[in-house]
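Trainee: what would the 3D arrangement of this be:
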Amino acid sequence: MQSEIARATAELGKTEQPPYYLGYTVYDQDFVVLVGAYGSLLTNASAQRRFADVNMRVGAPELDNTHGQSRPSGVNSGSLPLGNDADAIARVLWELTDREYKRAVPSLLNVRTNTAVRAEEEDKSPDFSKRNPRRTLRKHLPQRRLIARRGKERSRDSPEHSGNIPRCITRR
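Mentor: Numbers count the residues shown, from 1 in each chain. Below you'll find the predicted structure:
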């Protein structure tokens, strides 16, 4: 894996938008599933799986492809060969790395575009709009207050209120 990460970093370092961070995480799992019922074994299965996460950041630490809504673009996962064939593992790691790079670069472009557009809109938009003040009178406001007050009274008097429940324990 060390040689593959060095090779991928060197290859992608020649591109227009080289990654500033590249990391691999490999999970190698062996597991057994046993299912039984009424004292007998129904299923006895074992399996092994190996998969990798490729973490990549393109751009700069201040603003990269994982900024804001683009956070999922920083990770790509896939299955790895189970054997110890270094060439086969390297090929799959490169495929995952290449796929992530091809996702990260457009994502960085979207992040930069959204950041520029948002800043431009904020700079051009007024803090307040110039309109005549609008007044609204609500005739039902006192009635709403009465309903709210009656609701509070009912909740206090109801048997569900914690003060009226004998099994409710209060600690002081």
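Trainee: what residues of stretch 8-19 count as buried?
Mentor: By neighbour count with 16 or more other Cβ atoms under 10 Å, stretch 8-19 contains the buried residues 8, 12, 19. Placement of C-beta: from N, CA and C, glycine included.
Trainee: take those and keep only those in helices.
Mentor: Members of the buried residues of stretch 8-19 lying in helices (criterion: DSSP state H): 8, 12.
Trainee: next, format the buried residues of stretch 8-19 as CSV and append pLDDT.
Mentor: Formatted as CSV, the buried residues of stretch 8-19 follow (pLDDT from 0 to 100):
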residue, pLDDT
8, 91
12, 91
19, 92
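Trainee: closest one of the buried residues of stretch 8-19 to residue 102?
Mentor: For these, the minimum distance to residue 102 (Cβ to Cβ) is 10.7 Å, reached by residue 12.
Trainee: next, work out how far apart that closest one and residue 25 are.
Mentor: Separation of residue 12 from residue 25 (Cβ to Cβ, to the nearest Å): 18 Å.
Trainee: what's the answer for residue 34, then?
Mentor: Distance from residue 34 to residue 25, by Cβ to Cβ: 29 Å.
Trainee: got it, and residue 106?
Mentor: The gap separating residue 106 from residue 25 is 24 Å, by Cβ to Cβ.
Trainee: what about residue 105, neighbour count?
Mentor: Residue 105: 19 surrounding residues under other Cβ atoms under 10 Å.
Trainee: how about the one 5 residues further on?
Mentor: The burial metric for residue 110, expressed as a neighbour count using other Cβ under 10 Å, is 16.
Trainee: over to residue 62?
Mentor: Burial of residue 62, expressed as a neighbour count using other Cβ under 10 Å, amounts to 6.
Trainee: any chance you could map the helices in this structure?
Mentor: Taking DSSP H as the test, the helices found in the chain are 2-12, 86-124, 141-157.
Trainee: what inclination does the second one have with respect to helix 2-12?
Mentor: This points to helix 86-124. What separates the directions of helix 86-124 and helix 2-12 is an angle of 50 degrees, with axes from the mean of the first three to the mean of the last three Cα atoms, to 10 degrees.
Trainee: who are the packing partners of helix 86-124?
Mentor: helix 2-12, strand 19-37, strand 40-60, strand 63-64, strand 75-79 (3 or more Cβ pairs under 8 Å, 6 or more residues apart in numbering; DSSP states H and E).
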